[in-house]
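A.B. asks: quick one, what's the 3D model for this:
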Amino acid sequence: MAPDEAAELLRPCADVQTWIDDLVGGRPYDDRDSLLTFAEAAAATWDDAEIDAALAHHPRIGERAAGEGAEAAMSSAEQSGISGDEQAIADGNRVYEETFGRIFLIRAAGRTAGEVLEQLTARLDNDPAAESAVVAGQLREIALLRLEGILTP
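C.D. replies: Residues are numbered from 1 along each chain as shown. Take a look at the predicted model:
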């Protein structure tokens with residue numbers, strides 16, 4: 001696969017250009033696990049600006065992603081299990097955004113609406129630095145899950 005094609009395949013996982021460049025530049029990988037290990041290590045270096053830029057592509061939890069691209073499809077699939085508590089989640093999203101100045105991000109895949117709401121409520125007690133660290137971790141989890149998804153036939 002050409003480098004630009006590989007980059008576009010990776011972009012929906014996390015639109016962090018340095019991460020994409022590192023993964024494309026690190027090819028070839030010995031196997032799937034080597035790629036995932038490398039991707040995780042590369043994601044650990046994301047700075048606040050890269051995280052904020054990547055967040056711009058994520059819909060609010062409980063809302064459907066706009067568009068029809070790969071990233072919107074991945075987001076919709078990840079949030080497919082989030083039903084119920086819609087108003088409480090919407091209210092929590094609003095309070096979170098007022099508190100932290102960005103959308104609430106959580107790895108939704110495998111979580112129920114109740115679990116998401118519980119985490120949202122608990123994270124409102126974080127100070128900004130602690131919450132930034134949580135957001136970075138959640139974004140890394142999402143990126144790696146998406147990467148695993150595109151690697152799985």
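A.B. asks: in the helix or strand harbouring Val134, what's buried?
C.D. replies: For Val134, the host element (DSSP states H and E) is helix 128-151. By 16 or more other Cβ atoms under 10 Å, the buried positions in helix 128-151 come out as 131-132, 135-136, 138-144, 146-147. Using the backbone N, CA and C atoms, a C-beta is placed for each residue, glycine as well.
A.B. asks: shaky segments in the chain?
C.D. replies: Within the chain, the stretches with pLDDT under 70 are 64-68, 70-83.
A.B. asks: mind listing the helices in it by residue range?
C.D. replies: 3-10, 17-25, 32-43, 48-55, 70-78, 86-100, 113-123, 128-151 (DSSP state H).
A.B. asks: adding distance to Arg107, write the ones you listed out as TSV.
C.D. replies: Listed next are the helices of the chain as TSV, based on distance: least, Cβ to Cβ, whole Å:
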stretch	distance to Arg107
helix 3-10	18
helix 17-25	17
helix 32-43	13
helix 48-55	13
helix 70-78	7
helix 86-100	15
helix 113-123	10
helix 128-151	4
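A.B. asks: returning to that earlier point: packing partners of the helix holding Val134?
C.D. replies: helix 32-43, helix 48-55, helix 70-78 (3 or more Cβ pairs under 8 Å, 6 or more residues apart in numbering; DSSP states H and E).
A.B. asks: next, the angle helix 48-55 makes with the longest one.
C.D. replies: Read that as helix 32-43. Interaxial angle, helix 32-43 versus helix 48-55 (axes from the mean of the first three to the mean of the last three Cα atoms, to 10 degrees): 120 degrees.
A.B. asks: now helix 32-43, how far from the centre of its chain.
C.D. replies: Relative to its chain's centre, helix 32-43 lies at 16 Å (Cα atoms, centre = their mean, to the nearest Å).
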